[in-house]
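*Asks:* Test case, fold it:
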Amino acid sequence: MVDVWDPAQYLRFGDERSRPFFDLVGRIGAERPRLVVDLGCGPGQLTAGLARRWPDAQVRGIDSAAEMIAAAERLRRDAPAGGLGGLSFARGDVRDWRPTDPVDVIVSNAVLQWVPDHEKLLVAWAGTLAPGGWLAFQVPGNFDQPSHAILRELAASPRWRSLLADVPLNRQAADPARYVDLLSRGGCSVDAWETTYLHVLPGEDPVLEWYKGTGLRPVLAALEPAQAAAFLAEYGARARAAYPPEPYGTVLPFRRVFVVATRRLPD
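*Replies:* You can find the predicted model right below:
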């Protein structure tokens, strides 16, 4: 069976995947946080950026994928001595995460779309913030685009329906206004926006390669290797038609929703 997560495949488009993270955390105004938590930290390279920004803080990365935590631990272990002293990683499900102390900064980058009913989780996270603490997250908001429509259509087709019946494919994010209302009622001041990036991807079948690192992972994990190869061939052919290559590369529009919330100080 194919591993659910592959850090190397995920990082194949590292620059494009990291840009929303930096656009998000650039809006966090915390100056000297004591505790920073990255929920769904992946392979850890972006979490390490948080540790460099706040060198006096305890920066903790949490992820449910053993492959991702292993990659993050290698990154931490290979860092120059003293460079990332406050950084640590642990395997865990973000749905079960409960801090023992108030948190100054919570970051969650492209994770909550995998969590059903994540609005309740956001309210719970906001409740763990210290007064004046920050909650920052971004989620893809492009699930109506061809990349995802092709995936759903293939999974529902006669060839694949019985094999993929139990694989959840209906990931979704709310609109920015919904998050503003939700977290404002939860005691936060909220800044929310959306951006559609136009990624110009190089190489052959770049849309296929992009989604092999994210949206296709649960599908591939449910299939035997020969089946996975056949599914990828079908998906790749349809993706090439939906996202035709140009002489300069293949354009992948990608909408994301951003939210930065600050827990209001008591009156």
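
*Asks:* Break down the stretch 51-200 of the chain into its strands, ranges please.
*Replies:* 58-63, 87-91, 103-109, 129-140, 188-201 (DSSP state E, counting those that start in this stretch).

*Asks:* how about the helices of the stretch 51-200 of the chain, start to end?
*Replies:* 66-78, 118-127, 146-156, 176-185 (DSSP state H, counting those that start in this stretch).

*Asks:* Go through these and name the closest to Asp15.
*Replies:* Within those, the stretch nearest Asp15 is helix 66-78; the backing value is 17.0 Å (CB to CB). For glycine as for every other residue, the C-beta is placed from the backbone atoms N, C-alpha and C.

*Asks:* could I get the strands of the stretch 51-200 of the chain as JSON lines with distance to Arg12, mean neighbour count and mean pLDDT?
*Replies:* Shown next, in JSON lines, are the strands of the stretch 51-200 of the chain (distance: least, CB to CB, whole Å; neighbours: other CB atoms under 10 Å; pLDDT from 0 to 100):
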{"stretch": "strand 58-63", "distance to Arg12": "18", "mean neighbour count": "24", "mean pLDDT": "97"}
{"stretch": "strand 87-91", "distance to Arg12": "22", "mean neighbour count": "18", "mean pLDDT": "96"}
{"stretch": "strand 103-109", "distance to Arg12": "17", "mean neighbour count": "24", "mean pLDDT": "98"}
{"stretch": "strand 129-140", "distance to Arg12": "17", "mean neighbour count": "21", "mean pLDDT": "97"}
{"stretch": "strand 188-201", "distance to Arg12": "10", "mean neighbour count": "16", "mean pLDDT": "97"}
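
*Asks:* JSON lines for these, including distance to Pro247?
*Replies:* Converted to JSON lines, those look like this (distance: least, CB to CB, whole Å):
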{"stretch": "strand 58-63", "distance to Pro247": "38"}
{"stretch": "strand 87-91", "distance to Pro247": "42"}
{"stretch": "strand 103-109", "distance to Pro247": "32"}
{"stretch": "strand 129-140", "distance to Pro247": "28"}
{"stretch": "strand 188-201", "distance to Pro247": "11"}
